[in-house]
Every structure is written in C-alpha cells, then in structure tokens.
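Novice: below are the sequence and a predicted model; questions follow.
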Amino acid sequence: MVKIRLRRLGYKKNPVYRVVVLNSTTKREAAPIQQLGYYNPKTKEMQLDKQSALDWIKKGAQPTQTVKFLIDNCNEEGKLNYVKKETEKLSKKAQAKLQAEKEAAAKAEAEAAQEASA
C-alpha cells in the first residue's frame with residue numbers, strides 16, 4: 001500500500017517535515033517515490049504540490065491524518081491557510097473571576113427584568 005506521510009528533518013526541538021509518497025512497508029527515512037512538498041510547524045510555512053497529492057489519492061494512496069489536514073487546509077498554490085486563534089489562555093483564577101462576573105451580570109439582568117415586569 002502506498003502512503004502519503006511526513007518525513008522528519010531538522011535538528012533537535014526544531015522539526016521540519018517533507019511530504020513524501022512512500023510504500024507503507026518502508027521506513028520513514030527510506031527513498032521516497034515522490035516528494036510533494038515541505039512543512040515547517042514552527043513558522044506554519046508550507047509548500048505543497050496539491051494537484052499531485054490529489055492525483056496520488058485518486059490512485060489509491062492513503063494520506064496520514066496530519067497530511068490529510070494539510071491537504072484540506074492549503075490553497076491552490078500549496079500555501080497553508082493558517083488562521084491564528086484570537087482567544088487568550090487564562091489561568092484558573094482568571095477563569096473563575098470571569099465566570100463570577102458573568103454570573104453577577106446575569107443575576108443583575110434577571111432582577112432588572114423582574115422589576116420592569118412588576
């Protein structure tokens with residue numbers, strides 16, 4: 001079975017991956033059938049030959065989950081459509097404080113609605 005998967009390159013704690021087509025019985029570092037592109041997860045930089053990847057999938061090649069995600073989320077030029085998350089990570093204390101403020105605001109709205117209806 002032919003697979004489309006990532007080949008790890010780069011040095012310690014700084015990975016860079018190549019998207020390659022390999023036979024599933026070979027090792028990750030074996031000679032690829034075809035190289036489709038590269039992906040740097042730290043900088044979110046990617047270059048992929050999307051048309052060639054889709055052709056391999058039509059022929060029966062199985063992409064790994066990560067490669068499938070990369071193929072689905074790249075544009076026609078092969079660049080990654082990365083959208084940075086706008087949410088901030090809060091500490092447990094900050095989350096509890098925010099939750100308490102929301103509950104207090106909801107309680108105040110409910111009281112105001114009762115006074116208006118009476």
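Specialist: Nice, thanks for sending it over. Remember, predicted model here, so these are calculated numbers, not experimental data.
Novice: is Lys58 within a helix or a strand, and which one?
Specialist: helix 50-59 (DSSP states H and E).
Novice: and that helix, what's buried?
Specialist: Residues of helix 50-59 classed as buried: Lys50, Ser52, Ala53, Trp56, Ile57 (neighbour count, 16 or more other C-beta atoms under 10 Å). In this view, the C-beta of every residue, glycine as well, is placed from N, C-alpha and C.
Novice: export these to JSON lines and tack on distance to Val20?
Specialist: Shown next, in JSON lines, are the buried residues of helix 50-59 (distance: C-beta to C-beta, whole Å):
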{"residue": "Lys50", "distance to Val20": "15"}
{"residue": "Ser52", "distance to Val20": "11"}
{"residue": "Ala53", "distance to Val20": "11"}
{"residue": "Trp56", "distance to Val20": "10"}
{"residue": "Ile57", "distance to Val20": "14"}
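Novice: tell me the one of the residues you listed nearest Glu101?
Specialist: The closest of those to Glu101 turns out to be Lys50 (C-beta to C-beta; 46.2 Å).
Novice: residues in contact with that closest one?
Specialist: Ile71, Cys74, Glu76, Gly78 (C-beta atoms under 8 Å, 6 or more residues apart in numbering).
Novice: likewise Val2?
Specialist: Val21, Leu22, Asn23, Ser24, Ile33, Trp56, Lys59, Gly60, Ala61, Gln62.
Novice: any idea how far Ala100 is from the second one?
Specialist: Applying C-beta to C-beta, to the nearest Å, one obtains 54 Å for the distance of Leu22 from Ala100.
Novice: again, but for the last one
Specialist: Using C-beta to C-beta, Gln62 is found at 50 Å from Ala100.
Novice: and the fourth one, by the same measure?
Specialist: Ser24 sits 53 Å away from Ala100, going by C-beta to C-beta.
Novice: equivalent analysis for the fifth one, please.
Specialist: With distances taken as C-beta to C-beta, Ile33 is found 58 Å from Ala100.
Novice: ok, how many other residues are close to Glu45?
Specialist: 13 (other C-beta atoms under 10 Å).
Novice: which one's more surrounded, Ile33 and Ala100?
Specialist: Ile33 (15 against 10).
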